[in-house]
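[1] how would this look folded up:
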Amino acid sequence: MKLFGAGCALLLSVSIQCPCFGFAADSGPEPLTFSELVSLAVQDPVPPGLQARLDAVLTTPFIHNDSGVRPAQDSSSLHLAEWNINRGENQDAILLALTDAERYVARVRGNPKFDGKKLNELSDQLKVLQRADIVVLDEVDHGVKRTKYRNVARDLSSALRMNYAYGVEFVELNRIYLRSVKRSATVGITGPKRDFEVDRERYLGLEGSAILSRYPILSARIVRLPAEYDWYHSEIKALSDIERVRRWTAERIFDEEIKRQIRRGGRMALVVDLKVSNSPTRIVTVVCPHFENYCGAKGRRRQLNALLGEIAAIGNPVILAGDMNTLGHNGQPLTPKGALRRYVLNYRVWARQALYFVLPIPGAGEVFRALNFVKNLHDPTAFSVPLVLSNPSRAFFRDLSAFRFADGGRFSFDGNRVRSFGNKGSTLADSNQRARKGFATTFSFNRTFGGLFGKYKIDWFFVKQSAAAGAWRFAPEFGRTLDLVNTALDQRISDHAPIAITVLRSAGPQSANDHASYR
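    Alright, predicted model coming up:
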């Protein structure tokens with residue numbers, strides 16, 4: 001196995017097999033010591049021995065199978081939820097939403113913004129969330145100060161009486177680095193050093209993804225994705241004046257503070273096999289990726305295709321669920337060199353300006369920019385016309401639609417109206433909720449100006465369909481965004497709303513739309 005190195009585009013995966021269903025089983029990597037974390041924060045390059053220890057943490061999942069787990073109902077359908085929980089900083093509210101609808105609604109009742117109709121909608125969304133037998137979680141902390149050093153995946157799985165697998169995405173070193181170096185403008189430290197102190201006995205610094213399940217976990221592995229951003233070296237560098245202005249603008253306009261994040265690690269996907277009796281293979285594979293937001297659409301597409309290559313041989317039903325960051329723009333910190341490359345040396349910029357110049361349309365540039373904004377609003381799957389009506393995210397979905405598993409299976413892009421929430425129909429409507437324009441968004445800034453800016457559909461479900469006509473298959477239905485669950489309390493729980501889906505085992509001829517190409 002190749003060593004994991006910052007800035008390298010590597011694919012690493014480790015699989016752990018659980019003994020069997022019927023008794024508790026715990027496994028996982030040995031956590032890094034505090035002195036090792038300090039070395040990771042300040043030593044560059046990382047010493048070989050410590051690099052091997054880091055690799056083990058980044059490629060070995062934690063697994064807990066509990067014989068006391070409440071088993072899932074034996075039925076023809078699976079109920080799943082996915083939620084980026086923003087590290088679990090509001091863990092008590094997350095737990096309330098996942099376990100106690102009555103108490104949650106009681107806290108909201110009396111709020112003048114929630115009339116009877118809206119309270120009923122909230123109750124319905126809570127019911128959908130709480131019936132999930134599989135819960136996919138992104139951005140989950142383990143041993144980090146901001147979440148009171150909790151093991152968030154373990155705490156939630158225990159309260160829900162579920163098994164869980166947890167994969168580490170990053171080792172968080174921000175506080176340790178800032179505490180260990182001198183205060184200087186180079187690293188942007190402000191305030192006394194005590195602000196960066198941590199509990200040496202409890203700090204593990206892990207952030208990653210988790211899959212909670214009432215079904216037994218048979219195996220789990222971590223797939224490291226190609227690095228599209230260097231979360232250590234690039235975050236240590238001094239901010240350029242251009243980036244300082246951009247962050248100042250984000251804070252003033254969208255009420256969003258962009259913080260420095262010094263880390264070791266990179267984007268990954270957690271792949272878990274579950275023992276599900278009503279699956280044709282007795283197994284369902286759940287894949288939870290978290291693609292990069294500090295890169296452009298091409299970088300996320302490279303990560304997607306690397307992941308698809310890793311899962312192509314899977315012959316089980318597959319459910320792909322997670323935060324895929326289909327933003328359509330590049331969130332990477334902007335440097336003078338990057339700005340030059342992005343806005344001055346980019347041939348598309350000049351070709352577009354030349355086209356606008358020759359078009360006999362007054363203000364052609366403004367007209368096409370407005371049309372493109374409306375076309376792409378809340379719909380990263382929208383069509384793309386080079387130069388004038390481009391959609392950088394389009395190719396991501398085209399690759400997903402064209403992908404074939406080794407057994408001929410593919411992800412369903414069907415938009416069956418009957419199986420869609422609200423009878424919306426259209427592409428992916430049965431697996432992801434459609435809105436009047438595009439999709440029901442799952443991520444938002446604090447300030448969105450009526451939903452026109454700063455709201456995106458970036459969390460997704462995709463379900464593998466069998467290639468054989470008339471074969472038993474798993475069909476997605478009633479994919480839904482549970483926005484009220486996230487926002488009904490005094491403070492929103494996360495910057496992401498949870499989403500939910502039912503995956504139904506069905507037989508008989510498949511609809512023509514199930515295998516229609518998405519181009």
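
[2] dump the residue contacts of the residue most central in space within the chain.
    By C-alpha atoms, centre = their mean, the chain has its centre lying nearest to Asp323, at 1.7 Å. By C-beta atoms under 8 Å, 6 or more residues apart in numbering, Asp323 lies in contact with 84, 138-139, 290-291, 458-459, 496. Heads up, the C-betas are built off the backbone N, CA and C, glycines and all.

[3] quick one: which of those residues is nearest to Ser76?
    Nearest to Ser76 among these is Asp459, at 25.7 Å by C-beta to C-beta.

[4] any idea how far the closest residue to the closest one other than its chain neighbours lies from Ala406?
    Distance criterion C-beta to C-beta, 6 or more residues apart in numbering; nearest residue to Asp459, sequence neighbours excluded, is Thr442 at 4.1 Å. Thr442 sits 31 Å away from Ala406, going by C-beta to C-beta, to the nearest Å.

[5] who has more neighbours, those two?
    Thr442 (26 against 10; other C-beta atoms under 10 Å).

[6] number of nearby residues for Leu156?
    Neighbour tally, Leu156, other C-beta under 10 Å: 24.

[7] mind checking the SS state of the residue lying farthest from the centre of the chain?
    In the chain, the residue that sits farthest from the middle, by C-alpha atoms, centre = their mean, is Pro360; the gap is 43.8 Å. For Pro360, the assignment made with DSSP: H, G, I helix; E, B strand; the rest coil gives coil.

[8] How about the one 5 residues further on?
    The assignment at Gly365 comes out as helix when based on three-state DSSP.

[9] Need the pLDDT of it.
    We note a pLDDT of 71 for Gly365 in this prediction.

[10] before we move on, what about the one 10 residues further on?
    With respect to pLDDT, Lys375 scores 90.

[11] Next: Gln73.
    pLDDT at Gln73 comes out at 71.

[12] gap between the residue nearest to it when sequence neighbours are not counted and Gly322?
    In this structure, Gln73 finds its nearest non-sequential neighbour in Asp133, 7.5 Å apart by C-beta to C-beta, 6+ apart. To Gly322, Asp133 is 18 Å away according to C-beta to C-beta.

[13] Could you check how far the residue nearest to Asp459 is from Tyr232?
    When Thr442 is compared with Tyr232 (using C-beta to C-beta), they lie 29 Å apart.

[14] and if you look at Leu307?
    From Leu307 to Tyr232 the distance is 23 Å (C-beta to C-beta).

[15] where exactly do the strands run in the stretch 151-300 of the chain?
    Assigned by DSSP state E, counting those that start in this stretch, the strands in the stretch 151-300 of the chain fall at 163-172, 206-213, 217-224, 263-265, 268-275, 283-289.

[16] for those strands, which one sits closest to Asn432?
    Closest approach to Asn432 among the strands of the stretch 151-300 of the chain is made by strand 283-289 (15.3 Å; C-beta to C-beta).

[17] Might you report the residue contacts of the residue nearest to Gln73?
    72-73, 78-80, 213-215.

[18] For those residues, give me TSV that also has distance to Phe373 and neighbour count.
    Formatted as TSV, the contacts of Asp133 follow (distance: C-beta to C-beta, whole Å; neighbours: other C-beta atoms under 10 Å):
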residue	distance to Phe373	neighbour count
Ala72	44	20
Gln73	45	10
Leu78	37	26
His79	36	21
Leu80	33	25
Ser213	40	27
Arg214	43	20
Tyr215	43	24
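
[19] closest to Arg492 among the residues you listed?
    Distance to Arg492, by C-beta to C-beta, is smallest for Leu80 among the contacts of Asp133, at 22.3 Å.

[20] With adjacent residues omitted, what lies nearest to that closest one?
    Leaving aside its sequence neighbours, Leu80 sits nearest to Ile134 (C-beta to C-beta, 6+ apart; 4.5 Å).

[21] Would you check that that neighbour makes contact with Glu82?
    No - Ile134 is not in contact with Glu82 according to C-beta atoms under 8 Å; the separation is 9.1 Å.

[22] Kindly tell me how buried Ser67 is, as a neighbour count.
    By other C-beta under 10 Å, neighbour count at Ser67 equals 11.

[23] where's it relative to Val284, distance?
    As judged by C-beta to C-beta, Ser67 and Val284 stand 20 Å apart.

[24] what about the protein, any weak spots by pLDDT?
    Applying pLDDT under 70 to the chain flags the ranges 1-25, 74, 182-195, 238-258, 330-353, 355-358, 446-452, 467-472, 506-519.

[25] can I see the domain layout of it?
    Following automatic domain parsing, one finds the domains of the chain at 1-72+141-286, 291-519.

[26] Ok, which of these comes nearest Ala101?
    With C-beta to C-beta, the closest approach to Ala101 among these belongs to domain 291-519: 9.5 Å.

[27] show me the contacts for Arg492.
    Residues in contact with Arg492 (C-beta under 8 Å, 6+ apart) are Asn486.

[28] And it, how far from Val272?
    The gap separating Arg492 from Val272 is 28 Å, by C-beta to C-beta.

[29] what about the nearest residue to Ile283 once chain neighbours are set aside, which SS state?
    Leaving aside its chain neighbours, Ile283 sits nearest to Asn316 (4.5 Å; criterion: C-beta to C-beta, 6+ apart). Using three-state DSSP, the structure places Asn316 in coil.

[30] burial measure for Ser76, as a count.
    The tally of other residues near Ser76 (other C-beta under 10 Å) stands at 11.

[31] For it, what are phi and psi?
    phi -90, psi 0 (degrees, to the nearest 10).

[32] Correct me if wrong: it contacts Arg505.
    Yes - the pair Ser76 / Arg505 is scored as a contact, 4.7 Å apart, by C-beta under 8 Å.

[33] Now for those two: what residues contact both?
    Asn278.
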